[in-house]
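Asks: what shape does this take:
(chains A and B)
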Number of protein chains: 2
Amino acid sequence: MKQKTIAIVGLGLIGGSFARAFKKYTDYIVIGFNRTRSTAELALEQGAIDAIGTEENLKEADVVLLSMYPKVSCDFVEQHIDCFKPGCIITDDCGIKSYLVERLTGLCKAHGLYYVGGHPMAGREVSGYKASSADLYKGASMLIVPTEASTPDIVHEVKHMFAAIGFSQLVITTPEHHDRMIAYTSQLCHIVSSAYIKSPSEMEHKGYSGGSYRDLTRVAYLNETMWTELFIENKKPLVAEIDEMIRHLTEYRDAIDQEDADTLFSLLRDGRLRKEQFG
Amino acid sequence: MKQKTIAIVGLGLIGGSFARAFKKYTDYIVIGFNRTRSTAELALEQGAIDAIGTEENLKEADVVLLSMYPKVSCDFVEQHIDCFKPGCIITDDCGIKSYLVERLTGLCKAHGLYYVGGHPMAGREVSGYKASSADLYKGASMLIVPTEASTPDIVHEVKHMFAAIGFSQLVITTPEHHDRMIAYTSQLCHIVSSAYIKSPSEMEHKGYSGGSYRDLTRVAYLNETMWTELFIENKKPLVAEIDEMIRHLTEYRDAIDQEDADTLFSLLRDGRLRKEQFG
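Replies: Numbering: from 1, shown residues only, chains lettered A, B, ... in the order given. Below is the predicted model:
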């Protein structure tokens, strides 16, 4: 079988890790695009990519993996729409899906390209190419979103490709379901962590805190540029999750304020049982 | 120097770990009290204690460490007030301090006993003697609360005793400051985790969640009997922290709902900077 080529557009933590993983675990030829050229040069020097991306070699890519913020990822496809190989599979790793599916599906279909959304359930608090690792995706879950610009065969190929670099679970979902779930499993975590440390007590926590505090506040260390975009583009399900959270917090608050031990016990017990059941 | 005796009252995860740690790292004679006798027998068999506690050998204890819920810990002292050795140091590991200081200080003082509050910043999601470990306190912080029933020398002795079993930080504080800090660093974590998983999305999270979700919801698996008591006995600072949390969550919620990217960016950035500064 002819060796295939993948172009990775954006060599940050996520894109850089994809590049390293494809180099380490597959025989794909890896082309890397990056706005800051010195990063692409470093990636080339380190063997994380085989070539720095150009309009010319983009035409050879069988797969293009967009690894930038949602808007810029879509802009890249629009700007390079005549530079893709016919039948090229476009995919991405952005944290929201409805937005990309709306902007890319019709466009790709009209130009004889495939588009399948993707989102790896992996990351680190630090960002940037230097933090990337070939093994970031080992054992993680990869969410895959078929679109009207894809076929079952193409989706199968994309699954196979991601399984090859270490993902242990490939989950097929819709853009709407993806965005609703991510509002809960990822976006709300970051908002809760960030809101948590706004308490005036934060300034004195040292010496009084242990593992619970560490876990609850870990992801307050975040990239505010990226998350601002992701949160606003996923407004509806995210606001619903925050409202749900505030409603439940208020139940605990009122039970404590009224010294209503029975209600408080039930609230905590229900939480513990849910954790046991769905953990 | 004569070998000293410590009585540990309550051999759960925390008390059991104290017993094992005193046996492993000091030459204290360790006496263990436990409501369920078979647990005390198991601890004796395993060498975690030197003897099962009785009214008789309690009289030999130089230190008594209360390791039960707050109310029952205070009840134990009241019920055994004539069984302590004169000059005995009573301490505890309960998660709140004002309540114990109020009930125990006058009583101990009137009977020629010392009382110094304690609270180890260590724990696990699982409870019970079988989960206990001699090294649970290694590298952890121990909060120590002097009272009117203690002297600087006694506080020094208590610090020395806890440092010997692995605590790396001994923090001296007041009951009020302790309870205010713990409302934030520990109690609020458990309420937020428990409230978090009340979302209907919880039932479908598998495959869509990663490390952030895992960390945010870990302590929802809790002992509802213990926390109900601790939360209600620390009502005032805890309700203030929950209100603070809800107020901040509402700021993020409104910025997202109004698609106000500048405000949202500032909120997230401020959170990231606080994490960097006070982390």
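Asks: what comes up buried for stretch A:256-274?
Replies: For stretch A:256-274, burial by neighbour count (16 or more other C-beta atoms under 10 Å in any protein chain shown) applies to A:Ile256, A:Thr263, A:Leu264, A:Phe265, A:Leu267, A:Leu268, A:Arg269, A:Gly271, A:Arg272, A:Arg274. In this view, the C-beta of every residue, glycine as well, is placed from N, C-alpha and C.
Asks: as JSON lines, those with pLDDT would be great.
Replies: Output for the buried residues of stretch A:256-274, formatted as JSON lines (pLDDT from 0 to 100):
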{"residue": "A:Ile256", "pLDDT": "98"}
{"residue": "A:Thr263", "pLDDT": "98"}
{"residue": "A:Leu264", "pLDDT": "98"}
{"residue": "A:Phe265", "pLDDT": "98"}
{"residue": "A:Leu267", "pLDDT": "98"}
{"residue": "A:Leu268", "pLDDT": "98"}
{"residue": "A:Arg269", "pLDDT": "98"}
{"residue": "A:Gly271", "pLDDT": "97"}
{"residue": "A:Arg272", "pLDDT": "96"}
{"residue": "A:Arg274", "pLDDT": "96"}
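Asks: so which helix or strand takes in the residue nearest the centre of chain A?
Replies: By C-alpha atoms, centre = their mean, the mean C-alpha position of chain A lies nearest to A:Gly95, the distance being 3.8 Å. Counting by DSSP states H and E, no helix or strand carries A:Gly95.
Asks: report the contact partners of it.
Replies: A:Pro70, A:His119, A:Ile182, A:Ser186, A:Gln187, A:Met226, A:Leu230 (C-beta atoms under 8 Å, 6 or more residues apart in numbering or on different chains).
Asks: got phi/psi on it?
Replies: Torsion angles at A:Gly95 (phi, psi; degrees, to the nearest 10) stand at phi -80, psi 0.
Asks: still on that earlier bit, tell me the one of the contacts of A:Gly95 nearest A:Phe162?
Replies: When the contacts of A:Gly95 are compared for distance to A:Phe162 (C-beta to C-beta), A:His119 wins out at 10.7 Å.
Asks: what helix or strand is the residue nearest to that closest one when sequence neighbours are not counted on?
Replies: In space, and not counting its chain neighbours, A:His119 is closest to A:Leu143: 4.3 Å by C-beta to C-beta, 6 or more residues apart in numbering or on different chains. Per DSSP H and E: A:Leu143 is located in strand A:141-145.
Asks: for the stretch 1-150 of chain A, give me the ranges with low pLDDT.
Replies: Where the stretch 1-150 of chain A drops to pLDDT under 70, the residues are A:1.
Asks: quick one, helices of it?
Replies: For the stretch 1-150 of chain A, the helices defined by DSSP state H, counting those that start in this stretch occupy A:13-25, A:37-45, A:55-58, A:70-79, A:98-110.
Asks: re earlier: export the buried residues of stretch A:256-274 to CSV and tack on secondary structure and distance to A:Gln3?
Replies: Output for these, formatted as CSV (DSSP: H, G, I helix; E, B strand; the rest coil; distance: C-beta to C-beta, whole Å):
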residue, secondary structure, distance to A:Gln3
A:Ile256, helix, 63
A:Thr263, helix, 64
A:Leu264, helix, 62
A:Phe265, helix, 63
A:Leu267, helix, 58
A:Leu268, helix, 57
A:Arg269, helix, 58
A:Gly271, helix, 52
A:Arg272, helix, 53
A:Arg274, helix, 49
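Asks: now tabulate the contacts of A:Gly95 in JSON lines and tack on secondary structure and distance to B:Lys85.
Replies: Formatted as JSON lines, these follow (three-state DSSP; distance: C-beta to C-beta, whole Å):
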{"residue": "A:Pro70", "secondary structure": "helix", "distance to B:Lys85": "70"}
{"residue": "A:His119", "secondary structure": "strand", "distance to B:Lys85": "64"}
{"residue": "A:Ile182", "secondary structure": "helix", "distance to B:Lys85": "61"}
{"residue": "A:Ser186", "secondary structure": "helix", "distance to B:Lys85": "56"}
{"residue": "A:Gln187", "secondary structure": "helix", "distance to B:Lys85": "58"}
{"residue": "A:Met226", "secondary structure": "helix", "distance to B:Lys85": "62"}
{"residue": "A:Leu230", "secondary structure": "helix", "distance to B:Lys85": "63"}
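Asks: helices and strands around the strand holding A:Leu143, which ones?
Replies: Other helices and strands packing on strand A:141-145, by 3 or more C-beta pairs under 8 Å, 6 or more residues apart in numbering or on different chains; DSSP states H and E, are strand A:114-120, helix A:152-164, strand A:169-172, helix A:175-182.
Asks: what is the neighbour count of the nearest residue to A:Phe265 once chain neighbours are set aside?
Replies: Leaving out its chain neighbours, the residue that sits closest to A:Phe265 by C-beta to C-beta, 6+ apart is B:Thr228, at 4.6 Å. A count of nearby residues for B:Thr228, using other C-beta atoms under 10 Å in any protein chain shown, gives 24.
Asks: ok, B:Thr228 touching A:Gly271?
Replies: No. With contact defined as C-beta atoms under 8 Å, B:Thr228 does not reach A:Gly271; the gap is 11.9 Å.
Asks: distance of the nearest residue to A:Glu157 once chain neighbours are set aside relative to B:Ser150?
Replies: Spatial nearest neighbour of A:Glu157, chain neighbours left out: A:Ile89 (7.0 Å); criterion: C-beta to C-beta, 6+ apart. Note on A:Ile89: its distance to B:Ser150, by C-beta to C-beta, to the nearest Å, is 71 Å.
Asks: ok, the closest residue to chain B within the stretch 1-150 of chain A - contacts?
Replies: Residue nearest to chain B within the stretch 1-150 of chain A (C-beta to the nearest C-beta): A:Met121, separated by 4.0 Å. A:Met121 is in contact with A:Ala140, A:Ser141, A:Met142, A:Leu143, A:Ser186, B:Gly207, B:Tyr208, B:Ser209, B:Gly210, counting by C-beta under 8 Å, 6+ apart.
Asks: could you report the neighbour count for A:Asp50?
Replies: Neighbour count of A:Asp50, defined by other C-beta under 10 Å: 18.
Asks: any idea how chain A splits into domains?
Replies: With domains defined by automatic domain parsing, chain A comprises A:5-173, A:178-278.
Asks: before we move on, back to that, let's have the helices of the stretch 1-150 of chain A in TSV, adding distance to chain B and mean neighbour count.
Replies: Shown next, in TSV, are the helices of the stretch 1-150 of chain A (distance: least, C-beta to the nearest C-beta, whole Å; neighbours: other C-beta atoms under 10 Å in any protein chain shown):
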stretch	distance to chain B	mean neighbour count
helix A:13-25	13	25
helix A:37-45	22	16
helix A:55-58	31	14
helix A:70-79	12	17
helix A:98-110	13	19
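Asks: A:Ala195 and B:Arg274 touch, don't they?
Replies: No. Taking contacts as C-beta under 8 Å, A:Ala195 lies outside contact range of B:Arg274: 10.9 Å.
Asks: pull the most distant pair out of the contacts of A:Gly95.
Replies: A:Pro70 and A:Ser186, at 14.3 Å, using C-beta to C-beta across the contacts of A:Gly95.
Asks: how long is stretch A:45-65 end to end?
Replies: Chord length of stretch A:45-65, first to last residue, is 21 Å (C-alpha to C-alpha, to the nearest Å).
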